[in-house]
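> quick check, what structure comes out for this input:
(one chain, ligands or ions: 3)
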Amino acid sequence: MTPANKPIALTRFLIEEQRAGHINADLRLLIEVVARACKSISHAVNKGALGGVLGDAGTGNIQGEAQKKLDVLSNEILLEANEWGGHLAGCASEEMDDFSKIPNAYPKGHYLLLFDPLDGSSNIDVNISVGTIFSVLRCPEGIDELETRHFLQSGSQQVAAGYTVYGPSTMLVLTVGSGVHAFTLDREMGSFLLTARDMKIPADTKEFAINMSNQRHWYPPMQKYIDELLAGKTGPRGKDFNMRWVASMVGDVHRILTRGGIFIYPRDKKDLDKPGKLRLLYEANPMSFIVEQAGGASTTGYERIMDVQPSALHQRVPVFLGSKNEVELVTKYHLDAGQ
Ligand SMILES: O=P(O)(O)OC[C@H]1O[C@](O)(COP(=O)(O)O)[C@@H](O)[C@@H]1O
Ligand SMILES: [Mg+2]
Ligand SMILES: [Mg+2]
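Ligands and ions are numbered 1, 2, ... in the order given. Coordinates of the predicted model:
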């Protein structure tokens, strides 16, 4: 009999979710496999310079970014962990141009896994929190051949989403559509233990997260919104706001999930061809599912992110997420401006 206050392990939590009918055995297995892969990534991240995993890999990805060694290693760890197939038909990743089909998985692979294997890459070499973000979709039934278009499902089609933050402690945050729950990695036992059940984001906040160095490139609704926050008590908002920017989406979103706030990566004039920096399928959608399940909101400035119909595997979107009332206000400023 587990003492009442002893945190339960992820495995038991998922069995309870299955018994409650929220997930089936295949999805439970898939989440377990992803969690195990994140344990290996956490191990590699923690080793840092001792593990020879810092620095550039000397290769680039389809985003036009220089890949870090840990970007490549994390991607490999997630692919290897899932290649035995069973529950999965294919994977898509920030670090892979195209999706990868799981050999011999089809037709029994019922799910598609999309991930950002290492989020916050610019923080790897300076020992600041980084993470892994993942999203799970159903693989359409009755298809002969898996194609890119099968991954282009709106965020509202997700059956599970999560992120693991590799910070002072390693935490896995998960939703399967019945609330948001956080698990802390017990390094001695090697298992994720439930340390926060049913997390809720307060509707109001005094904290915002944005890369202010891009301010001169912002469109008027953004200028107006941030000017009002910076005006604080003396301005129309009548209260002071504090700013934080980890430059790892997982770090900023985890803070918001823990104590509220708004995270913004808007569209700007720096590169008119780019509708934003963050990727819809394996950054914005999974984080939006988690934030909405915790009572927050998530928009592009104009529409709910999880209603966006994807058109490309690596498409980018503007992101406004977090405390509901704050996200609704900045979205209203954009809709009013009608840009
Ligand atoms: O460098 P900037 O402009 O501050 O952008 C930081 C943002 O870029 C990201 O690092 C992009 O993610 P990747 O590191 O996975 O490419 C986010 O985690 C973060 O929110
Ligand atoms: Mg990322
Ligand atoms: Mg990444």
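
> now stretch 260-272: average pLDDT?
Stretch 260-272 shows an average pLDDT of 96 in the prediction.

> and it, how far out from the chain's middle?
Counting by Cα atoms, centre = their mean, to the nearest Å, stretch 260-272 is centred 16 Å from the centre of its parent chain.

> also stretch 275-295?
Distance of stretch 275-295 from its chain centroid, counting by Cα atoms, centre = their mean, is 6 Å.

> and it, does that touch ligand 3?
No - shown here: stretch 275-295 not in contact with ligand 3 (Cβ under 5 Å from the ion), separated by at least 7.9 Å. Backbone N, C-alpha and C define where each C-beta goes, glycine included.

> what residues sit buried inside that stretch?
276-295 (16 or more other Cβ atoms under 10 Å).

> OK, contacts around the residue in the stretch 151-300 of the chain that ligand 3 sits nearest to?
For the stretch 151-300 of the chain and ligand 3, the shortest gap (Cβ to the ion) falls at Glu283, measuring 7.9 Å. Contact analysis of Glu283 by Cβ atoms under 8 Å, 6 or more residues apart in numbering lists 94, 116, 119, 133, 249, 319.

> give me the subset of those residues touching ligand 3.
With Cβ under 5 Å from the ion as the criterion, those include 94, 116, 119 near ligand 3.

> can you put the residues you listed in TSV and add distance to ligand 2?
Shown next, in TSV, are the ones next to ligand 3 among the contacts of Glu283 (distance: Cβ to the ion, whole Å):
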residue	distance to ligand 2
Glu94	6
Asp116	4
Asp119	4
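
> interface residues of the protein facing ligand 2?
The chain comes close to ligand 2 at residues 116, 119, as judged by Cβ under 5 Å from the ion.

> so which bits of the chain are right by ligand 3?
So the chain meets ligand 3 at 94, 116, 118-119 (Cβ under 5 Å from the ion).

> okay, and which of these map to helices?
Among those, no member falls in helices (DSSP state H).

> by neighbour count, which of these wins?
Within the residues of the chain next to ligand 3, most neighbours by other Cβ atoms under 10 Å means Leu118, with 31 neighbours.

> which residue, other than its chain neighbours, is closest to that one?
Nearest residue to Leu118, sequence neighbours excluded (Cβ to Cβ, 6 or more residues apart in numbering): Ser74, at 4.3 Å.

> and the one you found, that's in a strand?
No - under DSSP: H, G, I helix; E, B strand; the rest coil, Ser74 sits outside any strand and is assigned helix.

> so who does it touch?
So Ser74 contacts 41, 44, 95, 117-118, 132 (Cβ under 8 Å, 6+ apart).

> who does the helix or strand of the chain with the lowest mean pLDDT pair up with?
Between all helices and strands in the chain, the lowest mean by mean pLDDT, DSSP states H and E belongs to strand 100-101, at a mean of 90. Strand pairing for strand 100-101, determined by DSSP bridges: strand 88-93 (antiparallel).

> tell me if the partner strand is near ligand 1.
No - using Cβ under 6 Å from any ligand atom, we find that strand 88-93 stays clear of ligand 1, coming within 10.4 Å at best.

> which residues are in contact with that strand?
30, 75, 78-79, 82, 98-102, 105-106, 109-117, 139, 146, 150-151, 281-282, 313.

> 7 Å instead?
With contact meaning Cβ atoms under 7 Å, 6 or more residues apart in numbering, strand 88-93 is reached by 30, 75, 79, 82, 99-102, 105-106, 109, 111-115, 117, 139, 146, 151, 281, 313.

> then stretch 187-195?
Outside stretch 187-195, the residues within contact range by Cβ under 7 Å, 6+ apart are 7-10, 13, 35, 39, 172, 181-186.

> can you pull the contacts of whatever residue of the stretch 101-250 of the chain ends up closest to ligand 3?
Here the stretch 101-250 of the chain gets closest to ligand 3 at one residue, Asp116, 4.3 Å apart by Cβ to the ion. Neighbour list for Asp116: 94, 132-133, 282-283 [criterion: Cβ under 7 Å, 6+ apart].

> any chance of these in a markdown table, plus pLDDT?
A markdown table is the format used below for these (pLDDT from 0 to 100):
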| residue | pLDDT |
| --- | --- |
| Glu94 | 98 |
| Thr132 | 98 |
| Ile133 | 98 |
| Tyr282 | 98 |
| Glu283 | 98 |
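
> out of these, which touch ligand 1?
By Cβ under 6 Å from any ligand atom, the members of these lying near ligand 1 are Glu94.

> now do the helices in the stretch 151-300 of the chain.
Ranges of helices in the stretch 151-300 of the chain, per DSSP state H, counting those that start in this stretch, are 220-231, 249-259, 285-293.

> tabulate those helices (TSV), appending distance to ligand 1.
Below are these laid out as TSV (distance: least, Cβ to the nearest ligand atom, whole Å):
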stretch	distance to ligand 1
helix 220-231	14
helix 249-259	4
helix 285-293	10
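
> so of those, which one's packed in deepest?
Mean neighbour count (mean count of other Cβ atoms under 10 Å) peaks for helix 285-293 among those, with a mean of 27.
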